[in-house]
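Novice: just the structure for this:
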Amino acid sequence: MQERLAIAGSGTIASGLAAVAAVHGEVLLWARSQASAERVRGAVAKHCDKHPELKGCAERVRVVTQLEQLAEATFLVEAVVEDPDHKGPLLAELASVTGPDEIVATTTSSLSISELARASGHPDRFVGLHVFNPVPRMQLVELAFGPETRQDVRMRTRALCETLGKTPVEVPDTPGFVVNRLLFPYLFSAVELLSDTGMEPADVDRCMTLGASMPMGPIALLDFVGLDVAEAIGETIGASVPERLRELVREGTLGRKTRRGFYDYS
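Specialist: Purely as a prediction, here's the structure:
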């Protein structure tokens with residue numbers, strides 16, 4: 001791998017991307033606290049154990065807790081919660097440790113790349129790198145560039161995606177890009193169908209997996225994504241978020257990560 005990759009974040013996307021990249025060399029992974037660092041080490045190891053092509057790669061992921069340590073990288077990916085109030089300040093912090101040729105990327109799935117680029121302080125070398133969960137399995141990367149992004153930065157970003165075995169597709173810098181802009185209205189319509197008809201989530205999912213060859217039904221997919229994340233994406237892209245989903249979020253029932261959502265995973 002020509003780039004020295006660093007990732008700021010300790011969630012599912014961050015750990016999955018680190019595991020995939022570690023096949024090609026050492027990866028720096030920043031966590032905000034020691035507790036987060038321990039959790040993300042375990043998550044990376046789990047990815048590497050689960051996928052045969054990643055076996056033995058966890059030891060190449062070096063977890064750090066000091067932002068200054070990310071200065072070693074040539075390509076830095078911010079992968080924290082999908083919230084501009086979290087991403088913007090972190091990007092500003094990261095600006096203080098990046099070198100003049102270091103690319104800064106965000107894994108946002110719905111936020112404005114142009115706005116985040118301004119928050120980074122380096123709009124000429126800032127990119128949107130929307131990888132999909134689970135990262136080891138999903139091939140697509142949506143690439144979104146701001147108007148000031150340099151051509152060499154675009155080329156290096158594409159090259160990194162291809163090195164990681166992903167397929168980059170350039171998409172416009174619009175809310176939700178392509179996938180989420182098309183996907184979430186469909187998912188929300190499935191929730192409205194539940195409310196309108198009284199159908200069970202499993203029956204709606206069974207219809208779409210068996211009748212439309214979907215790999216996962218819409219209700220199960222919402223639980224997998226996280227209902228709070230789905231709500232935030234819906235608001236960002238201007239979709240109508242179903243009240244039933246909002247009620248679950250208010251209750252703290254967020255899907256698989258809380259062991260309960262539309263389904264019970266206990």
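
Novice: in what helix or strand does residue 180 lie?
Specialist: In this structure, residue 180 sits in helix 179-197 according to DSSP states H and E.

Novice: quick one: least confident helix or strand in the chain?
Specialist: Lowest by mean pLDDT, DSSP states H and E among the helices and strands of the chain is helix 84-95, with a mean of 91.

Novice: flag every buried residue along that helix.
Specialist: Across helix 84-95, burial judged by 16 or more other CB atoms under 10 Å covers 84, 87, 88, 90, 91, 94, 95. Just so you know, the C-beta spots here come from the backbone N, C-alpha and C atoms, and that holds for glycine as well.

Novice: wait, the first one touches residue 113, no?
Specialist: Spelled out, that is residue 84. No. Using CB atoms under 8 Å, residue 84 is not in contact with residue 113; the gap is 11.7 Å.

Novice: tell me how far the closest residue to residue 6 other than its chain neighbours lies from residue 45.
Specialist: Nearest residue to residue 6, sequence neighbours excluded (CB to CB, 6 or more residues apart in numbering): residue 73, at 3.4 Å. Counting by CB to CB, to the nearest Å, the gap from residue 73 to residue 45 is 22 Å.

Novice: helices along the protein, start to end?
Specialist: Remark: helices assigned in the chain by DSSP state H are 12-21, 34-50, 84-95, 113-120, 151-163, 179-197, 201-211, 218-225, 227-237, 243-250.

Novice: mind telling me which of the ones you listed the model trusts least?
Specialist: Lowest mean pLDDT within the helices of the chain: helix 84-95, at a mean of 91.

Novice: could you say what helices and strands it packs with?
Specialist: Helices and strands touching helix 84-95, by 3 or more CB pairs under 8 Å, 6 or more residues apart in numbering; DSSP states H and E, are strand 75-78, strand 103-106, helix 113-120.

Novice: JSON lines for these, including distance to residue 135 and mean neighbour count?
Specialist: Formatted as JSON lines, the helices and strands packed on helix 84-95 follow (distance: least, CB to CB, whole Å; neighbours: other CB atoms under 10 Å):
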{"stretch": "strand 75-78", "distance to residue 135": "11", "mean neighbour count": "26"}
{"stretch": "strand 103-106", "distance to residue 135": "14", "mean neighbour count": "26"}
{"stretch": "helix 113-120", "distance to residue 135": "20", "mean neighbour count": "22"}
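
Novice: I'd like the ones you listed as a markdown table, with distance to residue 2 appended.
Specialist: Below are those laid out as a markdown table (distance: least, CB to CB, whole Å):
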| stretch | distance to residue 2 |
| --- | --- |
| strand 75-78 | 9 |
| strand 103-106 | 12 |
| helix 113-120 | 22 |
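
Novice: and of the ones you listed, who's closest to residue 163?
Specialist: Distance to residue 163, taken as CB to CB, is lowest for strand 75-78 among the helices and strands packed on helix 84-95, at 10.5 Å.

Novice: which elements pack onto that closest one?
Specialist: strand 5-8, helix 84-95, strand 103-106, helix 151-163.

Novice: what count of nearby residues applies to residue 196?
Specialist: Burial of residue 196, expressed as a neighbour count using other CB atoms under 10 Å, amounts to 9.
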